[in-house]
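In: Build the 3D model from these lines:
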Amino acid sequence: MSHSPKGAILKSIFGFQCPKCQSGPLFKKGSLLKPASLFQMYKHCPTCNQSYEPEPGFYFGAMFVSYAINTALFIAAWVALTVLYPDYTLGLLLGILVLVVILGLPFTYRLSRSIWLAIFVRFDPKAVKD
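Out: Purely as a prediction, here's the structure:
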């Protein structure tokens with residue numbers, strides 16, 4: 001039994017699951033040994049057949065979501081650095097920000113696409129296959 005009720009939008013967003021049935025995965029299994037595999041997305045939900053690209057260029061808007069996520073990460077890294085090491089240099093700050101972006105890229109990519117799809121595709125109880 002699931003810990004969160006079906007229909008909870010955050011379940012599908014942070015679980016990287018289809019927002020319609022909240023069962024099918026959005027992304028194929030990836031491996032750190034093959035970094036490009038971390039960005040491979042299914043074309044349709046394997047469970048309910050919901051299209052993950054309803055129209056060409058659909059994920060253009062996810063770029064703005066990604067921008068907001070990265071801005072939040074930048075601010076968090078900056079505040080953490082300021083608290084932990086108040087005498088930091090600009091070079092150290094920029095180095096940490098670049099590191100945060102590169103290491104967080106697979107997560108922010110997946111999260112921004114998951115959020116963007118969840119905005120436009122609603123949960124459908126009829127699509128749930130338990």
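
In: what comes into contact with stretch 47-67?
Out: 18-21, 23-24, 26, 41-45, 108-109, 111-113, 115-117, 120-121, 124, 127, 129 (CB atoms under 8 Å, 6 or more residues apart in numbering). In short, each C-beta sits where N, CA and C put it, glycine included.

In: try 6 Å
Out: 18, 20-21, 23-24, 42, 44, 108, 112-113, 115-116, 127, 129 (CB atoms under 6 Å, 6 or more residues apart in numbering).

In: Could I get the buried residue list for it?
Out: Buried residues in stretch 47-67, counted by 16 or more other CB atoms under 10 Å: 47-48, 50, 52, 59, 62, 65-66.

In: Could you list which of these belong to helices?
Out: Of these, the ones assigned to helices by DSSP state H are 62, 65-66.

In: Just give me the closest of those residues to residue 77.
Out: When those are ranked by distance to residue 77 (CB to CB), residue 66 comes first, at 16.1 Å.

In: Could you check the pLDDT of the residue nearest the centre of the chain?
Out: In the chain, the centroid-proximal residue (CA atoms, centre = their mean) is residue 111; its distance is 0.9 Å. Turning to residue 111, the model gives it a pLDDT of 97.

In: mind checking how far it is from residue 95?
Out: The spacing between residue 111 and residue 95, counted by CB to CB, to the nearest Å, is 24 Å.
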